[in-house]
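Participant: no FASTA, just this:
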């Protein structure tokens, strides 16, 4: 099975739903998840919050945090993962789990951080984590590594 299938199976076994907040991956995490038959039993939806202000207005990331540190920061990733749970709520019920991606895929860096700097946020009813990565390669490779890292981070958090 793929990492996406493994993740959906692990979440489904717990009866948990998922929301995905993406920046540098631009929807690639969600796209990979929906390649798995039955993904709709777990995946409620996703948001591509590519523009920094959308991270605040739609996902509830603290405006002061964004102003002080910019969108590529471990706490931004964590707040995105928390915020997506409410953004995809159904009938007032938040998603059980949220995952987020934020980083710099290149080829240039808008804020001086190295290209390949990526933060993944993950939140479950039991735990939360923000992980930092320093990927190498071109834009497409960094984005692909970020998708894989999002799945690995959640699977690790679930103890799979």
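Facilitator: On my side now, so go ahead. As the structure is a prediction and not an experimental result, all values here were calculated from the model.

Participant: alpha carbons only for contacts and neighbour counts from here, please
Facilitator: Fine.

Participant: centroid-nearest residue for this protein?
Facilitator: The centroid of the chain falls nearest to residue 100 when counting by Cα atoms, centre = their mean (1.6 Å).

Participant: for residue 37, see how far away it is.
Facilitator: Residue 100 sits 22 Å away from residue 37, taking Cα to Cα, to the nearest Å as the criterion.

Participant: neighbouring contacts of the helix or strand harbouring residue 31?
Facilitator: Element membership for residue 31, per DSSP states H and E: helix 28-33. Outside helix 28-33, the residues within contact range by Cα atoms under 8 Å, 6 or more residues apart in numbering are 4-5, 8, 20, 22, 39, 43, 45-46, 147, 150.

Participant: hmm, try it at 6 Å
Facilitator: 4, 147 (Cα atoms under 6 Å, 6 or more residues apart in numbering).

Participant: list the buried residues in it.
Facilitator: For helix 28-33, the neighbour count (16 or more other Cα atoms under 10 Å) marks 28-30, 32-33 as buried.

Participant: what do you get for stretch 51-71?
Facilitator: Within stretch 51-71, the residues that count as buried by 16+ other Cα under 10 Å are 52-53, 55-56, 58-61, 63, 66, 71.

Participant: what comes up buried for the longest helix along the chain?
Facilitator: Of all the elements of type helix in the chain, the one with the most residues (DSSP state H) is helix 139-158. By neighbour count, with 16+ other Cα under 10 Å as the criterion, the buried positions of helix 139-158 are 139, 142-147, 149-155, 157.

Participant: you'd agree the residue nearest to the centre of the chain is up against residue 81?
Facilitator: Yes: in this structure, residue 100 is within contact of residue 81 by Cα atoms under 6 Å, at 5.0 Å.

Participant: shared neighbours of the two, which are they?
Facilitator: With contacts taken as Cα under 6 Å, 6+ apart, residue 100 and residue 81 have residue 121 as neighbours in common.

Participant: helices of this structure, start to end?
Facilitator: Using DSSP H, helices in the chain cover 3-14, 28-33, 52-57, 63-69, 74-87, 139-158.

Participant: which one of those lies closest to residue 129?
Facilitator: helix 74-87 (6.9 Å; Cα to Cα).

Participant: tell me the mean pLDDT over that closest one?
Facilitator: Averaging pLDDT along helix 74-87 gives 98.

Participant: which other helices and strands does it contact?
Facilitator: strand 18-22, strand 97-103, strand 117-123 (3 or more Cα pairs under 6 Å, 6 or more residues apart in numbering; DSSP states H and E).
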